[in-house]
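Q: Show me the folded form of this:
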Amino acid sequence: MIKKESSAEKYDNFINVRFLLVSEMRPRLLLMLLGSNNNLNTLRKELGKPSASVLHGLNELESLNLIKKNFKNYSLSSKGVLYALALKKLFRDLYIFKTHVDFWKSHSIESIPVEYFKSSYLLKDSVFVESDEEDLSKSLNKTLKLLSSCEDMKIILPIFLEDHLEIILENLERANSLILITTDEVLKSLKESNYYEKLHKFSKNNQLTIRKVEYELKIFLTVCDNAMALNLFFIDGLFDNSCVIFNEKAEGVDWANQLFKFYLKRSNKIL
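A: Numbering: from 1, shown residues only. You can find the predicted model right below:
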């Protein structure tokens, strides 16, 4: 029978995790010892720290029963392995946020469900394409290039964007397909535009499906077979067309497909 963790044990674990995270060295030591034993000299060289500092960190981890010493070598205890694996997963999940801190601080993430942040490590190979003074359209051109090369498009469209619609229609002329998820407000703009008649024609040809959600979208997502592009809104509510998160790796595309499916299940077919 598996023993349930008591409240006291949960509290102790919380204290220990907090103790590990307030230090740079302690988690690094745990991760370095995950899967291999090391002596003090090797650890010192890897960390680039004085022996006294490394030894102090090792003693602290040993006092928590996370590591053990066998002659001159240090290794993880069973408890230490569990902690190290948990830290590895945490750091992996937070990687994309650690490497682009300023971007995430200034943008709204309310349209990305919490469970997708748990697998955000799949976006680790993403490229942040940002417009600058020399090329004000750099991020827009990157997205348009992706759209122009898409065979089967899946798009979450939060605002009416003529540049994107023109490229989408050109693609549909080449017998490609599109599933478009959008809002009432965007649908109204589409119906009042010169694009709607063409969109209706593509729908009759089974090339286009338009679906609608009943709430405001704060995410512009484009997914193709071999790439994805993601734009977000600033915290103040304005759409940011100056920076796109672009990913051409299978893991990144899979993450985007799963996010698209989340909205697909919560949308209704309109056309």
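Q: Can you list the low-confidence ranges for the protein?
A: Within the chain, the stretches with pLDDT under 70 are 1-22, 93-98, 175.
Q: Roughly how far does residue 200 sit from residue 169?
A: Residue 200 is 12 Å from residue 169, where distance means Cβ to Cβ, to the nearest Å. For the C-beta atoms, the positions are set from N, CA and C on the backbone; glycine is no exception.
Q: cool, residue 56 as well?
A: As for residue 56, its distance to residue 169 is 65 Å (criterion: Cβ to Cβ).
Q: Then residue 112?
A: Taking Cβ to Cβ, one finds residue 112 at 28 Å from residue 169.
Q: Repeat that for residue 118.
A: Noted for residue 118: a distance of 37 Å to residue 169, by Cβ to Cβ.
Q: between the two, who's got more neighbours?
A: residue 169 (16 against 10; other Cβ atoms under 10 Å).
Q: any idea which element the more buried one lies in?
A: For residue 169, the host element (DSSP states H and E) is helix 162-173.
Q: Also residue 61?
A: Element membership of residue 61, judged by DSSP H and E, is helix 51-63.
Q: just checking, what packs against the next helix or strand after that helix?
A: Using DSSP H and E, the next helix or strand after helix 51-63 towards the C-terminus is strand 67-70. With contacts taken as 3 or more Cβ pairs under 8 Å, 6 or more residues apart in numbering; DSSP states H and E, strand 67-70 sits against helix 25-33, helix 51-63, strand 73-76.
Q: Show me how far strand 67-70 is from its chain's centre.
A: Computed by Cα atoms, centre = their mean, to the nearest Å, the chain-centroid distance of strand 67-70 equals 37 Å.
Q: and it, which residues are buried?
A: 67-68 (16 or more other Cβ atoms under 10 Å).
Q: List the strands paired with it, with their directions.
A: Taking DSSP bridges as the criterion, strand 67-70 sits next to strand 73-76 (antiparallel) in its sheet.
Q: Can you pull out the residues in contact with the helix or strand that comes right after the strand it pairs with?
A: Next helix or strand after strand 73-76 toward the C-terminus (DSSP H and E): helix 78-93. Outside helix 78-93, the residues that touch it by Cβ atoms under 8 Å, 6 or more residues apart in numbering are 16-17, 20, 27, 30-31, 33-34, 61, 65-68, 76, 117-121, 124.
Q: ok, the spatially most central residue of the chain to residue 102 distance?
A: Against the mean C-alpha coordinate of the chain, by Cα atoms, centre = their mean, the closest residue is residue 120 at 3.3 Å. Separation of residue 120 from residue 102 (Cβ to Cβ): 17 Å.
Q: again, but for residue 205
A: 44 Å.
Q: do residue 237 as well
A: Residue 237 is 19 Å from residue 102, by Cβ to Cβ.
Q: cool, and residue 108?
A: 14 Å.
Q: Who has more neighbours out of the two?
A: Higher neighbour count among residue 108 and residue 102: residue 108, with 17 against 7, using other Cβ under 10 Å.
Q: burial measure for the nearest residue to residue 211 once chain neighbours are set aside, as a count.
A: Leaving aside its chain neighbours, residue 211 sits nearest to residue 267 (3.9 Å; criterion: Cβ to Cβ, 6 or more residues apart in numbering). Counted with other Cβ under 10 Å, residues neighbouring residue 267 total 20.
Q: cool, residue 91 as well?
A: For residue 91, the number of neighbouring residues by other Cβ under 10 Å comes to 13.
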